[in-house]
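Enquirer: take this sequence and fold it.
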Amino acid sequence: MKLRLLMCALALGLALAACGNQGTAPMEIAAPAKSSSDLPPYEPMEPRRVRAAGPYVHHWSGMTLPAMIGQLKRTAVMQFDSAALDVSGDYQMVSTEGRALATVYVYPTTATLPVPSRSIDDGCRAEFDGMKQIMTQRFPSAELVNEWREDVPRLSGAAAGYAAAYDFTGNLLGPTEALRTEAYLFCGIGGLWNVKYRVSYSRDLTGPSIAKDVIAAAPTGVPQ
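Expert: Numbers count the residues shown, from 1 in each chain. Below is the predicted model of the structure:
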């Protein structure tokens, strides 16, 4: 779990910098996995960028990271383990109204269950606490605005997820400004997968919730 949280911290830095080396496309399988026995061992590695044009299909789950989410354009697909069980899509938007960055992660629920007796929800809570710790370590001035449970029925099999919002001042694809970051974690989707979101945006952006738009649009093809 500590190794996975370290990977997530590195991934956050990669997303904010929008940089990385190109890698090869992940292994494909004939059909999405139906049980954990269909999955290879989880072997973490240094994050690398995957070449992807158009929608990116995560072949172990069948879930897809679209090339666009509203005005947010996908800028990278990252792979965090040797078999591409654990991947993410980075998105960004720069407009006259403001700026936004979003990262959508898909990875095995078993990666959050290092203790055999731990329930999926206990593992989810521990994983989310780790996300919050990374946020406060990377941005010491970040202020926790709210924390709540979030229900997304289309993420089949998942209980209500964990969510939190932070306010801080920083640089996001432009000058230093007032920012908000929202983090969401949903576990046990299709019995096998977690989906995690980190969405940061200019606090002066108006209109519909960017984070809710991202959650509604990605990933597609959620297993039942």
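
Enquirer: can you list the low-confidence ranges for the chain?
Expert: With pLDDT under 70 as the threshold, the chain has low-confidence stretches at 1-31, 112-118, 156-158, 207.

Enquirer: in the longest strand along it, which residues are buried?
Expert: Here the longest strand in the chain is taken by residue count, with DSSP state E as the criterion, and it is strand 176-189. Of all the residues in strand 176-189, those buried under the rule 16 or more other Cβ atoms under 10 Å are 179, 180, 181, 182, 183, 184, 185, 186, 187, 188, 189. Placement of C-beta: from N, CA and C, glycine included.

Enquirer: give the contact list for the fifth one.
Expert: For residue 183, the set of contacting residues under the criterion of Cβ atoms under 8 Å, 6 or more residues apart in numbering consists of 128, 131, 132, 135, 163, 164, 165, 166, 196, 197, 198, 199.

Enquirer: setting aside sequence neighbours, what's the nearest residue to the second one?
Expert: Right, the one you point to is residue 131. residue 183 (5.4 Å; Cβ to Cβ, 6 or more residues apart in numbering).

Enquirer: show me the contacts for the residue nearest to residue 150 when sequence neighbours are not counted.
Expert: Counting by Cβ to Cβ, 6+ apart, the nearest residue to residue 150 once its immediate chain neighbours are dropped is residue 163, at 4.3 Å. By Cβ under 8 Å, 6+ apart, the residues touching residue 163 are 147, 148, 149, 150, 182, 183, 184, 185.

Enquirer: for the chain, what spans make up the strands?
Expert: Remark: strands of the chain, listed N- to C-terminal, are 22-23, 44-50, 56-58, 63-65, 68-69, 72-81, 87-94, 99-108, 143-150, 161-171, 176-189, 193-202; assignment by DSSP E.

Enquirer: good, wrapping up.
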